[in-house]
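A.B. asks: predicted model and sequence follow; I will ask about them next.
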Amino acid sequence: MDATLLWNTLLTVLLGVVSFFMAAKFRELDRLSILLNRTREEVARDHITRAEFRQDMKELLERFDRLEVKIDNLKNRPHLG
């Protein structure tokens with residue numbers, strides 16, 4: 001066998017093996033990228049925005065204020081008896 005033919009055959013086989021493993025790694029990278037994007041979407045869907053948080057806090061504080069007024073009214077009510 002000619003040395004050049006042997007060298008070309010060896011390089012071809014080596015390139016084929018490397019290409020096979022690289023293709024597998026790129027497929028895995030694509031799969032992980034898809035999973036990461038899905039995770040980001042789920043996290044974004046499950047969390048509230050700052051505006052929603054502020055609105056909820058405002059409503060909560062308004063309820064506390066109403067409770068405070070009711071407690072003050074009960075405290076200042078004249079006792080019968």
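C.D. replies: Yep, that arrived. Numbers count the residues shown, from 1 in each chain.
A.B. asks: CA atoms for contacts and neighbours, from now on please.
C.D. replies: Fine.
A.B. asks: what distance separates the helix ranked longest in the chain from the middle of the whole chain?
C.D. replies: Taking residue count as the measure and DSSP state H as the definition, the longest helix of the chain comes out as helix 3-46. Distance, stretch centre to chain centre, for helix 3-46: 25 Å (CA atoms, centre = their mean, to the nearest Å).
A.B. asks: ok, then the element right after that helix?
C.D. replies: Along the chain past helix 3-46, the next helix or strand (assigned with DSSP states H and E) turns out to be helix 50-76.
A.B. asks: quick one: average confidence on that following helix?
C.D. replies: Confidence over helix 50-76 (mean pLDDT, whole number) is 94.
A.B. asks: that helix: which residues count as buried?
C.D. replies: Of the residues in helix 50-76, none are scored as buried under the neighbour-count criterion (16 or more other CA atoms under 10 Å).
A.B. asks: that helix: how far from the chain's middle?
C.D. replies: Here helix 50-76 shows a centroid-to-chain-centroid distance of 33 Å under the convention CA atoms, centre = their mean.
A.B. asks: then stretch 42-50?
C.D. replies: Here the centre of mass of C-alpha atoms in stretch 42-50, compared against the chain's by CA atoms, centre = their mean, lies 9 Å away.
A.B. asks: what do you get for stretch 2-14?
C.D. replies: Remark: stretch 2-14 is offset 49 Å from the chain centroid, using CA atoms, centre = their mean.
A.B. asks: can you point out the buried residues in it?
C.D. replies: Neighbour counts over stretch 2-14 (16+ other CA under 10 Å) mark no residue as buried.
A.B. asks: OK, contacts around residue 62?
C.D. replies: With contacts defined as CA atoms under 8 Å, 6 or more residues apart in numbering, residue 62 has no neighbours.
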